[in-house]
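# Generate coordinates for the sequence data below:
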Amino acid sequence: MKRTSILFVCMGNICRSPLAEGVFSHFASEAGLSDRFLIDSAGTGSWHEGDEPDRRSITTARQHGIDISAQRARRIRRDDFADFDLIIAMDRNNVAALKALDPAAENVHLFGDLALGSGEDIPDPYYGGADGFEAVYARLLAGCRKLLSTLGADSASRSGNTSSVR
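Okay, the predicted model is just below:
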């Protein structure tokens, strides 16, 4: 069975997208669906390439039982548009940056549209405090839960298993 590949994208790949990668991976693991997904994250900018996630992202994730400390920031690559089934940007500015890199890409989506169904941007908490990271985590939690439920059920039905992820 082909794995569904998902790339979460924010500006620098140190705040929102590593949290989204960690949350989605954690949910997939808990649901016994890790083998059905390839999850990664990237940034539209290169400022933090090779760096670990922001300490506040690491702390927020850790407080919720998720370890993202081994992740390293990277910039989106042209090959990513062909290599990933879904490229999920955290805000409209990142969607625009991704579309500028590959105007024909049909796999670029706004997290607020695809995962939350609300159309909202996930705000960048970088210049704020811990409460901003916690608020971002809450939105990512809700969206990743919904996204996994949808994608997990879809991949289960493709494989002949009709049970759904809860």
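
# Show me what the worst-scoring helix or strand of the chain on mean pLDDT is packed up against.
Every helix and strand of the chain was ranked by mean pLDDT, DSSP states H and E. The lowest is helix 130-158, at a mean of 87. Contacts defined by 3 or more Cβ pairs under 8 Å, 6 or more residues apart in numbering; DSSP states H and E place helix 130-158 against strand 4-10, helix 16-30, helix 55-63, helix 111-114. All C-beta atoms are positioned from the backbone trio N, CA, C, and that covers glycine.

# same for the last one, what does it pack against?
To tie it back to what came earlier, the one meant is helix 111-114. Secondary elements touching helix 111-114 (3+ Cβ pairs under 8 Å, 6+ apart): strand 86-89, helix 130-158.

# Can you mark which positions in the next helix or strand after the shortest one are buried?
In other words, strand 86-89. Following strand 86-89 in sequence order, the next helix or strand is helix 92-101 (DSSP states H and E). Neighbour counts over helix 92-101 (16 or more other Cβ atoms under 10 Å) mark 94, 95, 97, 98 as buried.

# I'd say the second one and residue 89 touch.
Yes - with contact defined as Cβ atoms under 8 Å, residue 95 and residue 89 form a contacting pair (4.5 Å).

# From the rest of the structure, what touches stretch 71-85?
4-7, 9, 12-14, 18, 21-22, 38, 40-46, 48-53, 87, 98, 101-102, 105, 107-108 (Cβ atoms under 8 Å, 6 or more residues apart in numbering).
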